[in-house]
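# coordinates for the following, if possible.
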Amino acid sequence: MRVLSLPAGLRRSVWLPLWLGLPLLAVWVAWFISGQAEPLVQALFAPVVAHCERWAFPLNAILTGRYGFLTMAPLLMVWTLPLVVLFGLVVDVYQRTGVAARLAQQLHPLAVRLGVSGDDFIRALMGLGCNVPAVASFRGRAARTAIAAIGFGVPCSFQLGAALSVFSAAQRPSLAVAYFALLAVSLVAYLRIGYPTPRGAMRIWSLHTAPLQATLDGRYLWRAVWGNIVSFLRMAFPVFFAMTLIAALLDAFGVLEAAGRAVALLMAAFRLPADAALPIALASVRKDGLILLAEPSAVAGLSNAQLLTAVYLGGVLTPCTVTIGTMAQMLPPRETLTVLAKQVVAACLFACLIGWGGYLLGLL
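Below you'll find the predicted structure:
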């Protein structure tokens, strides 16, 4: 079997952009695959949906209603699964081959300006696959800046997949670029304002560097891909079914309409309709809950600024519950509450700026 070796002697000017670009390439490839697969998956589900629509209430609402499992599951499979698998593969390869350690060394000067070391910066980027192991890799009060950065501005693959599904359902995929830019800018501002670092404090931080040493063969790559698929199916679908079950029942019995009137004023602060409250709330529990915003009637009436605001707020208002639990293990209780409180306040302020700033700038 042919063995794939990684380049070791490339100059920094070529090597660094190459490896930093691979995660972006993974996102683009996943998006391309999703776009090609969506009509096929929808056609595959169509006969089942048509059959279940004739079932008795409330079972038909649970399966095929506006937020029904069969209505929303294709979006999860099409837009989240490819991204989870491909991005997870990139993370596995980077860690196995030592690329992550080399990137940490090269990016250290830039990372220091954000209040973290290069090692912390790369470990935070690994949270693009899943925030939980990234947060778990930090310990003690000295790590609070890195943990706060992950919880606020490092979207996991579930969050990225849900965001892409929303922009695709709205037929405005170009908004993904603006979304990533807003995440990056707000994260830098959040760290500089909320977690300022004394000058020179990072000079004593050490880097856990390692040379590029491992090779990759087809058997390893297949095991990594298959492991990511199995993990996704085990972790995502049970929780996703529970979320759609709750949403479908609340919608079928009119609870969402009543609750919408109650939270209308709160959503108006972000210049969002009341219907956006449920996806944002569920995304605060688990990030793929944001997919509920991809429901056709939900995105049809949203402007570009409103769509960006809703996706942004759902992603950064709080970390998912599992990440919060991991934070509580890594930090003292009071420190955990402080980090979460800062994140909620910052997320609300930035969301207001996006929503009303976009409106004033004419992004109607």
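# so where's this structure shaky on pLDDT?
Counting by pLDDT under 70, the ranges of the chain that qualify are 1-20, 113-121, 123-129, 132-133, 137-142, 197-217, 235-236, 256, 259-261, 362-364.
# ok, which stretches of the stretch 1-150 of the chain are strands?
3-4 (DSSP state E, counting those that start in this stretch).
# so who does the residue nearest the centre of the chain touch?
Against the mean C-alpha coordinate of the chain, by C-alpha atoms, centre = their mean, the closest residue is residue 159 at 2.5 Å. The contact partners of residue 159, by C-beta atoms under 8 Å, 6 or more residues apart in numbering, come to 283, 287-288, 290, 315. C-betas here are computed from N, CA, C, even on glycine.
# how does it look with 6 Å?
287, 315 (C-beta atoms under 6 Å, 6 or more residues apart in numbering).
# now it: which helix or strand?
Here residue 159, judged by DSSP states H and E, is contained in helix 157-169.
# quick one, the helix or strand following that helix and helix 157-169 angle?
For helix 157-169, the following helix or strand on the C-terminal side (DSSP H and E) is helix 175-194. Compare the direction of helix 175-194 with that of helix 157-169 by axes from the mean of the first three to the mean of the last three C-alpha atoms, to 10 degrees and you get 140 degrees.
# for the helix holding residue 159, the distance to its chain's centre please.
The gap between where helix 157-169 is centred and where its chain is centred comes out at 8 Å by C-alpha atoms, centre = their mean, to the nearest Å.
# adjust the sequence numbering to begin at 51 for everything that follows.
New numbering, starting at 51: the last item is helix 207-219.
# CA atoms only for it, dumped as CSV, please.
Included here for helix 207-219 are C-alpha records, laid out as CSV according to Å, rounded to 0.1, in the frame of the first residue of the first chain:
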residue,chain,number,x,y,z
SER,A,207,-18.3,21.3,13.1
PHE,A,208,-21.9,20.9,14.2
GLN,A,209,-22.3,24.6,14.4
LEU,A,210,-20.6,25.2,11.1
GLY,A,211,-22.8,22.6,9.4
ALA,A,212,-25.9,24.1,10.9
ALA,A,213,-24.9,27.6,9.8
LEU,A,214,-24.2,26.4,6.2
SER,A,215,-27.6,24.6,6.1
VAL,A,216,-29.3,27.9,7.1
PHE,A,217,-27.5,30.0,4.5
SER,A,218,-28.2,27.3,1.9
ALA,A,219,-31.9,27.1,2.8
